[in-house]
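Asks: sequence plus the predicted model coming up.
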Amino acid sequence: MIYYGSKELAASFRTVRNNTIKIAEEIPEDKYDFRVAPDCRSVAQTLAHIVAAVKVQQHIQFVEGRSTLVGFDFFNFFKTVVIPEEEKRRTKAELLELLETEGEAFAKQLEGCTEEFLGQSVEYPEGMTPRTKSRFEMLLGVKEHEMHHRGQLMVTQRVLGITPHLTRFMMERIKEMEAAAALKS
């Protein structure tokens, strides 16, 4: 028996996506073309990448239901599906809508996974370590991938002079705890 199943996976993905959406809302639209370095994705491209990269696991797990990645052409998938989505010009409102709708669609797919499905192994190509991963681990990787890019967006916020909402929330909690401690002493 696993204690972290499809419902928990979907809920944690929704939490991550909602935090990404909050960051996307707080970055002004006139900064969506901003890049922290010339060879990095812009804010808009990073948000589009977050949306589009989910399609890799959706395709592997839910469209093809692959038990092996041997023969899966990652480079072609990225070239034909993910990169074109990153390169499309979109408004802030369009990106926010995609983050919300595509995120919720994926969360619903996660909710529908059975424990048996999540426990199935998927073989990786020769030379990759580990040689197998569970579908659960692969789907959890979507959330980890988004958190990686959300971290980049939080650094971008700092460069733009914006304190990320999670930092503001923690700073408020610390002030409240300090005030409560001061009252007790």
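Replies: Nice, thanks for sending it over.
Asks: go ahead and flag the most central residue of the protein.
Replies: In the chain, the residue lying closest to the centroid (C-alpha atoms, centre = their mean) is E146, at 2.2 Å.
Asks: measure that residue to A180 for me?
Replies: According to C-beta to C-beta, to the nearest Å, E146 and A180 sit 34 Å apart. Quick note: C-beta positions are derived from backbone N, CA and C, even for glycine.
Asks: likewise I174?
Replies: From I174 to A180 the distance is 11 Å (C-beta to C-beta).
Asks: buried set for stretch 50-70?
Replies: 50-58, 60-62, 66, 69 (16 or more other C-beta atoms under 10 Å).
Asks: for the helix or strand where T15 lies, packing partners?
Replies: Assessed by DSSP states H and E, T15 sits inside helix 6-26. In terms of contacts (3 or more C-beta pairs under 8 Å, 6 or more residues apart in numbering; DSSP states H and E), helix 6-26 is packed against helix 43-57, helix 92-111, helix 115-119, helix 135-159, helix 165-184.
Asks: buried ones in the fourth one?
Replies: I take that to be helix 135-159. For helix 135-159, by 16+ other C-beta under 10 Å, it's 135-136, 138-140, 142-143, 145-146, 149-150, 153-154, 156-157.
Asks: one more: the second one?
Replies: Along helix 92-111, these residues count as buried under the neighbour rule (16+ other C-beta under 10 Å): 92, 95, 98-99, 102-103, 106-107, 109-111.
Asks: tabulate those in a markdown table, adding columns for distance to L166.
Replies: Shown next, in a markdown table, are those (distance: C-beta to C-beta, whole Å):
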| residue | distance to L166 |
| --- | --- |
| K92 | 20 |
| L95 | 20 |
| L98 | 22 |
| L99 | 17 |
| E102 | 22 |
| G103 | 18 |
| F106 | 22 |
| A107 | 20 |
| Q109 | 26 |
| L110 | 23 |
| E111 | 25 |
